[in-house]
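**Student:** using only what follows, build the 3D model:
(chains A and B)
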2 protein chains.
Amino acid sequence: MNRIVIIGAVAAGLKSAAKIRREDPAAEIIVLEKGSLISYGACGMPFYVGGLIADISDFVKTTAGAVRNPEFFKQDKGVDVRIRTLVTAINRAAKTVAARNLDTGADTVFPYDKLVIATGASPVRPPLPGIELGGIQQFWHPDDAAAVRAGIDNGQIRQAVIIGAGLVGMEMAEAFTSRGVAVTVIEMQDQVFPAFLDTEAAAAVASYAQAAGITLRLGEKVERFDGDSTVKAVVTDKRVIPADVVILAIGVRPNTELATAAGLAIGPSGAIAVNEYLQTSDPDIYAGGDCAENTNIISGKKVFAPMGSTANKHGRVIGENIGGNRVAFRGVLNTVAVRLLEFHVGKTGLTEREAKALGYQYVTATAAAPDKPHYMPDSKQITVKLIVEAASRKVLGAQIFGKGDVSKRIDVMAAALTMGATIDDLFDIDLAYAPPYSSPIDNVAIAANVAMNKLQAK
Amino acid sequence: MNRIVIIGAVAAGLKSAAKIRREDPAAEIIVLEKGSLISYGACGMPFYVGGLIADISDFVKTTAGAVRNPEFFKQDKGVDVRIRTLVTAINRAAKTVAARNLDTGADTVFPYDKLVIATGASPVRPPLPGIELGGIQQFWHPDDAAAVRAGIDNGQIRQAVIIGAGLVGMEMAEAFTSRGVAVTVIEMQDQVFPAFLDTEAAAAVASYAQAAGITLRLGEKVERFDGDSTVKAVVTDKRVIPADVVILAIGVRPNTELATAAGLAIGPSGAIAVNEYLQTSDPDIYAGGDCAENTNIISGKKVFAPMGSTANKHGRVIGENIGGNRVAFRGVLNTVAVRLLEFHVGKTGLTEREAKALGYQYVTATAAAPDKPHYMPDSKQITVKLIVEAASRKVLGAQIFGKGDVSKRIDVMAAALTMGATIDDLFDIDLAYAPPYSSPIDNVAIAANVAMNKLQAK
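**Tutor:** Residues are numbered from 1 along each chain as shown, chains lettered A, B, ... in the order given. Predicted coordinates for the structure are as follows:
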């Protein structure tokens, strides 16, 4: 009987457990989780704060309404999930992990044949003066969301400062704005979404955000936090900004401490190095989810790409491989989609900045057009920017933004890029045409045409 | 100087004219159109009848609001469009076309170096008793839409009968229902959308349509129309259905008369045969748009696939080739998307029925799931059905239906199928994940997983 130990019970860990069970009905599967909650939908938390979602317990429910707790996984999947159980060490020679029960303090050693590390990532906390003040919050766990929402509901939070104009930061800006809380976003870089947008897309987002009442402070550096026991203001290199709450959203780091201590290789991105089968440098130990490194499909480079969708795929691939099959994970495109009130942004593949840094010879093509025929009353503009390798005509990346249906086109691009599409392939895609959804020449094809006109016919 | 003559000035004809102009600034380009309107957006007409669009003249305007009339094309593109000019014959030996001015009756001969046939398609009019009665309408030209809308606006149309449960028929059912007109759809086949849905998807549409108040009469045959000068009732093999208006929506046929008379080859689908460069059996004559035959990318079979999106692509490819480049058209997936009130349906590639008829060894995989996380308030269910070739794992076709975002997923499938994707490729696509748009395991990946579970890991 195969003994499987999994560290971490959010996305990758539990998905791999379920898939191992399907492939190997006899395996003993134990999942060790340091927290109290498992399998929660953390990505929905900004929408809970924003008031779209009434009940925070929805994040731990299945679509059918069952609560995803240890009993559920025991009964539904035959998987033994131990919460409040902190793994303290991995002993690769003995093939065991040591874990402490956080309630009783008891230590237990779990032997494994195969081990899965799915320890996730943690938000970065900058070591600035005043960081220990109350009201300075990361936004990573449902408890964080509950605290912020309670503060808005009871009127304590009337002005919020967000540090970092990335995904979490801008989603929280939407949430606060929806609730009537005055919000300022401070970003050290001189644009929003510095990790995944080129300047023109970022400028469009910034322009929309400011018109929607979100104050952006770009190219501005936080120096310290002022307050008594709780924060009262954020002091930057340019001004003092009053704050009832501060959200730290400057990024996350992979939780690699256990892996490092066990001597497993860490990759160039800082996450745990894995091969295409998601095995670490020890073939009996797999890693998946936010703690594991990814390969960008376009560049072939190692990247840190924490994303719930990727974590679920990792879980399935790990489950297949531990279950006795041999399945490779192709990698990621660092695809992103984000809504800011009524504005939508998507990106897949490389940005122009990345393409340039990697030495590609490329052209860009930009096309702004309605997302469906102009005569349809809900027709709205979107802009597509393509980054195209000149010689091969291969699409390296796409950024799409506007008030229209961005999400569809970025997913079409993701499909095309995963398959290695050229601009000629993009033009050829027989996209569905009907006026409620699209124009006869879809935005994707228009952008491809612009690129084809630049590079001439093949 | 190249003399180019183009027959037809709706989608393919004018698109090829514009592209030829871009590639060959010196060419003489003459477009001959028998009607009065050019370049109109016929696909929007049901939404005009349904009241979504206020002004029928929007269909002949550009996004910027300019009217697409002959003057516009003259000034903007340097293209000479002659309306109300009926081409009566093509003389391939002399390389001329003969055309009659429908206002003056004058005949003119136009010499050409290259000729483009873009004569479109025409609705089928069944030779049934009473077909000549007033109020029995095809729905193909803006004049048809104007007549129907006027009838609703002035209260003459209170009950409508639609013959044919295809795209036009069901879009008109939506339009009438939106305006409070009682509507019955009669379909000879025993399901809606018989041309592109398998039975389970068709049943879901039918169930929704009936709940929305649309009366469906499936497997029922129209025998005659009753009335005095105008139609009063439709008589089927089962009943008499009162009607103030009858919409004929039993399909369209390619307009091939000119091509046939000129001795050009007609393909197995009944449309004008063309090679991958869209040349007819006479290499100096191209054909594009609804009158030209297509190749299905999956099956390699010749198909008749009249669609505005395809017509525009044909126009561009013809323009490239006449302009001196060498560009092939890859073909179509017979992709379709259609909205019925709040229900959405999409299809790309082969149906199960087609796959079976073509002799494929296949499996199907069906997955019903929310289109975004269940905790988001606008989360709605959609169902994805895949048809997968068993040995190659290649996706042959997809049908998607439900109240959620179908249009996105069918376009992702179209991109994947155009690139020859397997179910393993579908799983690998790094789709954008964010709760306003999608779940961490998107419906596309869920369906791929179901298929992978059926076929085992690769």
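**Student:** got the end-to-end distance for stretch A:322-332?
**Tutor:** End-to-end distance of stretch A:322-332: 22 Å, with Cα to Cα, to the nearest Å as the criterion.
**Student:** which residues touch that stretch?
**Tutor:** With contact meaning Cβ atoms under 8 Å, 6 or more residues apart in numbering or on different chains, stretch A:322-332 is reached by A:2, A:4, A:16, A:19-20, A:22-24, A:27, A:114, A:116, A:276-278, A:286, A:294-297, A:303, A:305, A:307, A:310, A:313-314, A:317, A:320-321, A:418, B:428, B:430, B:456-458. Heads up, the C-betas are built off the backbone N, CA and C, glycines and all.
**Student:** inside strands: which ones of these?
**Tutor:** A:4, A:114, A:116, A:286, A:294, A:295, A:303 (DSSP state E).
**Student:** dump stretch A:411-424 to CSV, restricted to CA.
**Tutor:** C-alpha atoms of stretch A:411-424 as CSV (Å, rounded to 0.1, in the frame of the first residue of the first chain):
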residue,chain,number,x,y,z
ASP,A,411,-8.8,33.3,-23.2
VAL,A,412,-8.8,32.9,-27.0
MET,A,413,-5.3,34.3,-27.0
ALA,A,414,-4.3,31.9,-24.2
ALA,A,415,-5.6,29.0,-26.2
ALA,A,416,-3.7,30.2,-29.3
LEU,A,417,-0.5,30.9,-27.5
THR,A,418,-0.6,27.5,-25.7
MET,A,419,-0.7,26.0,-29.2
GLY,A,420,2.1,28.1,-30.5
ALA,A,421,0.0,30.2,-32.8
THR,A,422,1.3,32.7,-35.4
ILE,A,423,-0.7,35.8,-36.4
ASP,A,424,-1.8,33.9,-39.5
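**Student:** what is the rounded mean pLDDT of that stretch?
**Tutor:** Averaging pLDDT along stretch A:411-424 gives 98.
**Student:** what residues of that stretch count as buried?
**Tutor:** A:411-419, A:421-424 (16 or more other Cβ atoms under 10 Å in any protein chain shown).
**Student:** quick one: mean pLDDT over stretch A:284-301.
**Tutor:** On average, stretch A:284-301 scores 98.
**Student:** correction: stretch A:156-171
**Tutor:** 97.
**Student:** stretch A:102-114 spans what distance, first to last residue?
**Tutor:** This stretch, stretch A:102-114, spans 24 Å end to end (Cα to Cα).
**Student:** ok, of the contacts of stretch A:322-332, which come out buried?
**Tutor:** Here, 16+ other Cβ under 10 Å leaves A:4, A:16, A:19-20, A:23-24, A:27, A:114, A:116, A:277-278, A:286, A:294-297, A:303, A:305, A:307, A:310, A:313-314, A:317, A:320-321, A:418, B:428, B:430, B:457 buried among the contacts of stretch A:322-332.
**Student:** can you tell me the element the nearest residue to residue A:34 once chain neighbours are set aside falls in?
**Tutor:** The shortest distance from residue A:34 to any residue other than its chain neighbours is 4.2 Å, reached at residue A:86 (Cβ to Cβ, 6 or more residues apart in numbering or on different chains). Per DSSP states H and E, residue A:86 falls inside strand A:85-91.
**Student:** list the contacts of whatever helix or strand comes next after that strand.
**Tutor:** Later in the chain than strand A:85-91, the nearest helix or strand by DSSP H and E is strand A:96-101. The contact list for strand A:96-101 (Cβ under 8 Å, 6+ apart) reads A:5, A:7, A:32, A:82, A:84-91, A:106-112, A:115.
**Student:** quick one: strands adjacent to whatever helix or strand comes next after strand A:96-101?
**Tutor:** Downstream of strand A:96-101, the first helix or strand assigned by DSSP H and E is strand A:107-111. Take DSSP bridges as the rule and strand A:107-111 pairs in its sheet with strand A:96-101 (antiparallel).
**Student:** now do the strand it pairs with: distance to the chain's middle.
**Tutor:** Strand A:96-101 has its C-alpha centroid displaced from the chain centroid by 29 Å (Cα atoms, centre = their mean, to the nearest Å).
**Student:** then stretch A:351-358?
**Tutor:** On Cα atoms, centre = their mean, the centre of stretch A:351-358 falls 21 Å from that of its chain.
**Student:** check stretch A:204-221 too.
**Tutor:** For stretch A:204-221, the distance to the chain centre is 22 Å (Cα atoms, centre = their mean).
**Student:** equivalent analysis for stretch A:213-230, please.
**Tutor:** 24 Å.
**Student:** likewise stretch A:19-30?
**Tutor:** 28 Å.
**Student:** quick one: average pLDDT of that stretch?
**Tutor:** 96.
**Student:** contacts for that stretch?
**Tutor:** Here stretch A:19-30 has contacts from A:1-6, A:17, A:77-80, A:82, A:110, A:315-316, A:318-320, A:322-325, B:453, using Cβ under 8 Å, 6+ apart.
**Student:** and residue A:217, what helix or strand is that in?
**Tutor:** Element membership of residue A:217, judged by DSSP H and E, is strand A:215-218.
**Student:** what's the first helix or strand after that strand?
**Tutor:** strand A:222-227.
**Student:** what lies in contact with that next one?
**Tutor:** By Cβ under 8 Å, 6+ apart, strand A:222-227 touches A:126, A:128-131, A:133-136, A:163, A:186, A:188, A:231-237, A:240, A:246.
**Student:** now the buried residues of stretch A:411-424 as TSV including secondary structure?
**Tutor:** Output for those, formatted as TSV (DSSP: H, G, I helix; E, B strand; the rest coil):
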residue	secondary structure
A:411	helix
A:412	helix
A:413	helix
A:414	helix
A:415	helix
A:416	helix
A:417	helix
A:418	helix
A:419	coil
A:421	coil
A:422	strand
A:423	helix
A:424	helix
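**Student:** so which of those residues are also by chain B?
**Tutor:** A:411, A:412, A:414, A:415, A:416, A:417, A:418, A:419, A:421 (Cβ under 8 Å from any Cβ of the partner chain).
**Student:** surely the last one meets residue B:419?
**Tutor:** Translated: residue A:421. Yes - the criterion here is Cβ atoms under 8 Å, and residue A:421 meets it with residue B:419 at 6.1 Å.
**Student:** name the helices or strands packed onto the one helix or strand residue A:365 maps to?
**Tutor:** If you go by DSSP H and E, residue A:365 is part of strand A:362-370. Using 3 or more Cβ pairs under 8 Å, 6 or more residues apart in numbering or on different chains; DSSP states H and E, the elements in contact with strand A:362-370 are helix A:352-357, strand A:381-389, helix A:443-455.
**Student:** the residue nearest in space to the middle of chain A: what's it in contact with?
**Tutor:** When Cα atoms, centre = their mean is applied to chain A, the residue found nearest the centroid is residue A:307 (3.2 Å). Residues near residue A:307 by Cβ under 8 Å, 6+ apart: A:290, A:332, A:335, B:433.
**Student:** just the helices from the stretch 101-250 of chain A, written as ranges.
**Tutor:** Assigned helices in the stretch 101-250 of chain A, in chain order: A:142-153, A:167-178, A:199-211 (criterion: DSSP state H, counting those that start in this stretch).
**Student:** could you find the closest non-adjacent residue to the residue in the stretch 1-150 of chain A that chain B sits nearest to?
**Tutor:** Here the stretch 1-150 of chain A gets closest to chain B at one residue, residue A:58, 3.8 Å apart by Cβ to the nearest Cβ. Spatial nearest neighbour of residue A:58, excluding adjacent residues (Cβ to Cβ, 6+ apart): residue B:375 at 3.8 Å.
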